[in-house]
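A.B. asks: what's the 3D shape of this:
(chains A and B, ligands or ions: 3)
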Amino acid sequence: MTKRITIDPITRLEGHGKIEIFLDEAGDVENAYLQIPELRGFEQFCVGRPAEEMPRITNRICGVCPEAHHMAATKALDALFDVEPSSAVKKLREMFYMAFYVTDHTTHFYALGGPDFILGPDAPPAERNILGVIHKVGVDVGMQVINCRMRNHHVIKMLGGRGIHPVAGMPGGWSKSINEEERAEIEEIARQNVEFALFSLKAFDDLVLANQDYVDLIVSDAFTHETYYMGTVDEKNLVNFYDGLIRVTGPDGKEFIKYPAKDYVQHIAERVEPWTYLKFPYLKDVGWKGFVDGTDSGVYCATPLSRLNASNGMATSQAQEAFERFYETLGSKKTKGRYQPVHFRLATHWARLVELLYAAERMLELSQDPEITDPNMRVNVSSTPTEGIGSVEAPRGTLTHHYQTDEKGILTKVNLIVGTTNNYAPIAMSVKKAAQSLITRGTVVTEGMLNRVEMAFRNYDPCMSCATHSLPGQMPLEITIRQADGEVVERVSQYTD
Amino acid sequence: MTGNGKKPQLAMYWGAGCGGCEISVLNIGEHILTVDAVFDIAFFPCIADFKIADVEGYPDGFIDVCLFNGAIRNSENEEMARLLRKKSKVMVAFGSCAYEGCIPALSNLTSRRATMETVYLDNPSIDNPDGIIPQLLTEVGEGELEIPSFYNTVKSLDQVVDVDYFLPGCPPEPHQIWAVLQVVVAALTEGAPLPPAGSVVGAGTLAVCEECPLEKDVKTIARFYRPYEITPEPSLCLLEQGLMCMGPATRSGCGALCPQVGMGCRGCYGPIEGVEDQGARMLTAIASVLEVSGKPGDDEAELDRRVQEAVNTIVDPAGTFYRFSMAKSMLRRVRINGGGS
Ligand code: SF4
Ligand code: SF4
Ligand code: SF4
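C.D. replies: Ligands and ions are numbered 1, 2, ... in the order given. Alright, predicted model coming up:
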């Protein structure tokens, strides 16, 4: 008889998820599924709302990355109302966005993913959390983490109106400008962020890279996948979080496509499976070949690791040094001036810290820009809206908002492809591969082992809150019971109020 | 300490929500260390590795305080709400979703069929030639896979289980979370009194307008504007400049955050004390700023016409007046024509 192991809920991530692992009679893993059990339905219930409210509605898709939805929605409004923001507006938005990246990557490294390394995958589950981290590294370091999050949330509130779920984005503009005093405060905060990012990279060296067991885990086959990688890049092909072209590189490191966000439908398609509420995006130009690695499979990934793999480097100096060290240390060689991709999924934690440093350095640059205190942040909107697409790099992947409206700007159609959704297929593959590598016949399945299976998804920093925006509240629910040959024996419908 | 010398047990769980409530708890900053010193975490999937089986194993009433955020929109949310209610002494509806449905409850304005079609069958990036729709139960090669069933109507937590306290806000502001936790800690550790059951905690009792620094009662309006249509005077009340602001109908407590950056309040703290229906209250407020409030001898029909004209400039009244409180509104949900419910 087939045995199953259920991990429910999967933890230290945002939102809901469960893992079902099926063992065959011998005790090997036959298959493993990552199921996403929830949906909320933004794509439908936003229809009928005024478009300009989207930055304030869609940020409720995710409370961990509300700023990303706020920004993608705001950029979709720029396109929808056909207004080009001034360079001062763009810079203020980007500075706000960098403060967000610093908090978000910090939260993941120390509170969500970090406990697996800082305390170890086998630490008692009751300790494997941010409080356990603080007990382990000491209150002083803990306070640095807390203060980093606090000061950047302060900036987010100053620029966006609220610490979580900001409100300032509007078509072509931003409802708030800053004065010199505020600018100086942000500059000081950005300096502290740079220090903190360097400190975190050092902590990664000391806690992870200095520990051979962890290095072995990172480079182990159980946590390796060769897929396509997606990320937004600037005109020099350097990583950019706020704006640019979306670049996809192959498992071999070659550029596969590069396109503006507005063309996303030509390149991305989403597949539906009956056993989960979340869809599986893939590269249309390659096609869906199932949950498999390689150049022939349309599975792609959009994470900090992917952004690094899809780029030629970082646009700030210290982050560029960290970038080079990352690739050199992990044994990547340069071909035609570019590093070959790193496929070790657990290296995503390190890539996240390289990005943390970039965000901090970029925030510092912007805070010193003379344009940043421009008082004119609002623009007049005169065009009649029809359709708009906006995208940013959310910390968990490329985030695209697509709106269509009537001539009054009331939404008639909404499509969203959010950060985590991009990664659903690779996450599901990673979970399966980790389960298959770790659980084999005769092994006694321990809690620590199951936690390692969770580590296979945790490096993606998945945000199921984000991913599950896309469903309904209302759908006919049906149970289909099939015979082994696939013939439907019974179908039971259930409508629950 | 609780009576037996053990630390009080704290749980935080999400139903249909966004995780912002959890992040807001983490944003209480260094106070998180006090929480750590005072409480043991019993369940908190966002940051800690307890599983449902752990909770099922706890005796009834084992959890001293459960902060439940997120709305109830599927069978899993409801089962977890019931399980946690049974295991908890004090159940807090934490944040707007649990309190009044919040943004997810805007779903109550749409229909089952429309939603299904939009998400799985009809959007620009979908690839679904076989018209597959997720199923409660799916036979896969190795066995059966199950997912929760989706409810027709998004509900607030108290529409499903008994709730002791309500903490408004989307999300509640960190300083208020901390204030509430201090009261709870004092009750658990020193036997200090708790607020009466059923209270709204961690918020004010007046309207957002009362804490809004913008100058009011200086202008009246003939129509409403969309936020991008005008650049408001920075120091004057937005509503009186024709920008929709739910401040008069919304409970104070946030410090009037949104109007201070030039964006109208959207009502995330819920209705003001003693008011059932936030939207109905907002209509009264709107009436008072319209410049058509007549004087004796005015032509009634003409006044009506001008009121109607002004009201017509409000786009999406249902989605605006009940942006956060649809589940608790008089509307609650739209009728679904032939939707099978
Ligand atoms: S109340 Fe707001 S912040 Fe809290 S879960 Fe709901 S949407 Fe998120
Ligand atoms: S209506 Fe809005 S802007 Fe005016 S006083 Fe009230 S909260 Fe402030
Ligand atoms: S001003 Fe209104 S919408 Fe903004 S935080 Fe306060 S209650 Fe919520």
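A.B. asks: could you pull out the helices for the stretch 101-250 of chain A?
C.D. replies: A:115-118, A:130-137, A:139-160, A:180-204, A:212-219 (DSSP state H, counting those that start in this stretch).
A.B. asks: okay, buried residues for the second one please.
C.D. replies: Along helix A:130-137, the positions that meet the burial threshold by neighbour count (16 or more other CB atoms under 10 Å in any protein chain shown) are A:Ile130, A:Leu131, A:Gly132, A:Val133, A:Ile134, A:Lys136, A:Val137. All C-beta atoms are positioned from the backbone trio N, CA, C, and that covers glycine.
A.B. asks: ligand 2 contacts on the stretch 201-341 of chain B?
C.D. replies: Neighbours of ligand 2 within the stretch 201-341 of chain B, by CB under 6 Å from any ligand atom: B:208-209, B:212, B:214, B:216, B:237-239, B:245, B:247-248, B:256, B:259, B:265.
A.B. asks: list the contacts of the residue most central in space within chain B.
C.D. replies: Taking CA atoms, centre = their mean, the centroid of chain B lies closest to B:Ser96, which sits 1.8 Å from it. With contact set as CB atoms under 8 Å, 6 or more residues apart in numbering or on different chains, B:Ser96 has these partners: B:Cys102, B:Ile103, B:Pro168, B:Gly169, B:Cys170, B:Pro171, B:Cys268, B:Tyr269, B:Gly270, B:Phe324, B:Ser325.
A.B. asks: how about those, which pair is most distant?
C.D. replies: B:Pro171 and B:Ser325 (15.4 Å; CB to CB).
A.B. asks: where does chain B dip in pLDDT?
C.D. replies: By pLDDT under 70, the weakly predicted segments of chain B are B:1-5, B:111-112, B:292-298, B:331-341.
A.B. asks: swap the cut-off to 50 and go again
C.D. replies: By pLDDT under 50, the weakly predicted segments of chain B are B:1-3, B:336-341.
A.B. asks: which stretches of the stretch 51-200 of chain B form strands?
C.D. replies: Counting by DSSP state E, counting those that start in this stretch, the stretch 51-200 of chain B has strands at residues B:63-69, B:72-74, B:88-94, B:126-127, B:137-140, B:143-146, B:150-155, B:165-167, B:199-200.
A.B. asks: go through stretch B:264-281 and flag the buried ones.
C.D. replies: Quick answer for stretch B:264-281 (16+ other CB under 10 Å): B:264-272, B:275, B:277-279, B:281.
A.B. asks: quick one: the residues you listed as a markdown table, columns for distance to ligand 1 and secondary structure too.
C.D. replies: Shown next, in a markdown table, are those (distance: CB to the nearest ligand atom, whole Å; DSSP: H, G, I helix; E, B strand; the rest coil):
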| residue | distance to ligand 1 | secondary structure |
| --- | --- | --- |
| B:Gly264 | 18 | coil |
| B:Cys265 | 15 | coil |
| B:Arg266 | 11 | coil |
| B:Gly267 | 12 | coil |
| B:Cys268 | 7 | coil |
| B:Tyr269 | 11 | coil |
| B:Gly270 | 10 | coil |
| B:Pro271 | 15 | strand |
| B:Ile272 | 18 | coil |
| B:Val275 | 19 | coil |
| B:Asp277 | 19 | coil |
| B:Gln278 | 15 | helix |
| B:Gly279 | 19 | helix |
| B:Arg281 | 20 | helix |
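A.B. asks: so what's the closest residue to ligand 3 within the stretch 201-350 of chain A scoring on pLDDT?
C.D. replies: Here the stretch 201-350 of chain A gets closest to ligand 3 at one residue, A:Tyr242, 24.9 Å apart by CB to the nearest ligand atom. A:Tyr242 carries a pLDDT value of 97.
A.B. asks: that older thread, the contacts of B:Ser96 also near ligand 3: which ones?
C.D. replies: B:Cys268, B:Tyr269.
A.B. asks: going through the contacts of B:Ser96, which ones are buried?
C.D. replies: B:Cys102, B:Ile103, B:Pro168, B:Gly169, B:Cys170, B:Pro171, B:Cys268, B:Tyr269, B:Gly270, B:Phe324, B:Ser325.
A.B. asks: and the angle from the lengthiest helix in chain B to strand B:88-94?
C.D. replies: When chain B is parsed with DSSP state H, its longest helix is helix B:174-190. If you take axes from the mean of the first three to the mean of the last three CA atoms, to 10 degrees, helix B:174-190 sits at 170 degrees to strand B:88-94.
A.B. asks: next, the angle from helix B:174-190 to helix A:139-160.
C.D. replies: Going by the same axes, to 10 degrees, helix B:174-190 makes 140 degrees with helix A:139-160.
A.B. asks: now do helix B:174-190: everything it contacts.
C.D. replies: A:163, B:1-2, B:8, B:24-25, B:27-29, B:31, B:34-35, B:38, B:64-65, B:90, B:92, B:165, B:167, B:169, B:192-195, B:201-203, B:253.
A.B. asks: tell me if that helix is near ligand 3.
C.D. replies: No: Helix B:174-190 lies out of reach of ligand 3 by CB under 6 Å from any ligand atom, never closer than 11.3 Å.
A.B. asks: quick one: that helix to chain centroid distance?
C.D. replies: 21 Å (CA atoms, centre = their mean, to the nearest Å).
A.B. asks: for it, buried residues please.
C.D. replies: So, applying 16+ other CB under 10 Å, buried residues of helix B:174-190: B:Pro174, B:Gln176, B:Ile177, B:Trp178, B:Val180, B:Leu181, B:Val183, B:Val184, B:Val185, B:Ala187, B:Leu188.
A.B. asks: distance of the fifth one relative to ligand 3?
C.D. replies: Think B:Val180. 17 Å (CB to the nearest ligand atom, to the nearest Å).
A.B. asks: one more: the second one?
C.D. replies: Here B:Gln176 is placed at a distance of 11 Å from ligand 3 (CB to the nearest ligand atom).
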